[in-house]
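>>> everything below, folded, please.
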Amino acid sequence: MNRIALLVSMVLLLGSSLAWAHGNGVHVIGTLAEITADHLDIRVPNGNMVTVEVNEKTRYRSKKATTPKPQVGDRVVIDAAQDGSALVAIDVQFAPAPPSSTPAK
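Prediction:
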C-alpha cells in the first residue's frame with residue numbers, strides 16, 4: 001500500500017512541475033483570416049476573431065508550406081504572450097489549408 005501511495009505522490013509532484021514549466025503563454029488556434037505588417041487576425045473554432053500582434057521577434061515555422069510566412073486561409077497555432085490587453089505572437093506554426101472537398105455530381 002505504501003508503494004502505491006509513494007508512486008501516486010511522485011506522479012503528482014512531477015506532473016505539477018511539468019505544468020508549471022509550460023509558462024503562462026496563450027495559445028491561439030484557428031484559420032488565418034487577415035494579415036497585415038503588424039498583426040494577424042485569426043478565426044477561432046467558435047467563429048470569433050482574435051487579433052495577435054507580430055513583430056521582428058516573431059518566429060514562423062511550417063513543415064508543409066512552400067512559403068516562409070503564412071497565407072490567408074492557412075491553419076495556425078500561435079504561442080503568444082499577453083502584453084497589457086494585446087496578444088503578441090512569439091511563435092507561429094502554420095500549415096496550408098486542406099483542399100476543400102466538394103461532392104462530385
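
>>> the residue nearest to Val50 when sequence neighbours are not counted: helix or strand, and which one exactly?
Excluding its sequence neighbours, the residue lying closest to Val50 (C-beta to C-beta, 6 or more residues apart in numbering) is Ile42, at 4.8 Å. (C-beta placed from N, C-alpha, C; glycine too.) Taking DSSP states H and E as the definition, one finds Ile42 inside strand 39-43.

>>> outside of that strand, which residues touch it?
Strand 39-43 has contacts (C-beta atoms under 8 Å, 6 or more residues apart in numbering) with 28, 30-35, 49-54, 70, 76, 78, 89, 92.

>>> give me the sheet partners of that strand and which way each runs.
Under the criterion DSSP bridges, strand 39-43 sits next to strand 26-35 (antiparallel), strand 49-53 (antiparallel) in its sheet.

>>> one step back: report the beta-bridge partners for the residue nearest to Val50.
Ile42 has the following beta-bridge partners by DSSP bridges: Leu32, Val50.

>>> burial check on it, number of neighbours?
By the measure other C-beta atoms under 10 Å, the count of residues near Ile42 is 24.

>>> against Ala95, how distant is it?
Ile42 sits 14 Å away from Ala95, taking C-beta to C-beta, to the nearest Å as the criterion.

>>> please apply the same query to Val44.
Applying C-beta to C-beta, the value for Val44 to Ala95 is 16 Å.

>>> before we move on, what about Gly84?
As for Gly84, its distance to Ala95 is 30 Å (criterion: C-beta to C-beta).

>>> with neighbour numbers in mind, choose between these two.
Neighbour count, other C-beta under 10 Å: between Gly84 and Ala95, Ala95 has more, with 14 against 6.

>>> turn the strands paired with strand 39-43 into JSON lines, including distance to Tyr60.
What follows is those, written out as JSON lines (distance: least, C-beta to C-beta, whole Å):
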{"stretch": "strand 26-35", "distance to Tyr60": "11"}
{"stretch": "strand 49-53", "distance to Tyr60": "12"}
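
>>> so which of those strands is nearest Ser100?
With C-beta to C-beta, the closest approach to Ser100 among the strands paired with strand 39-43 belongs to strand 26-35: 12.4 Å.
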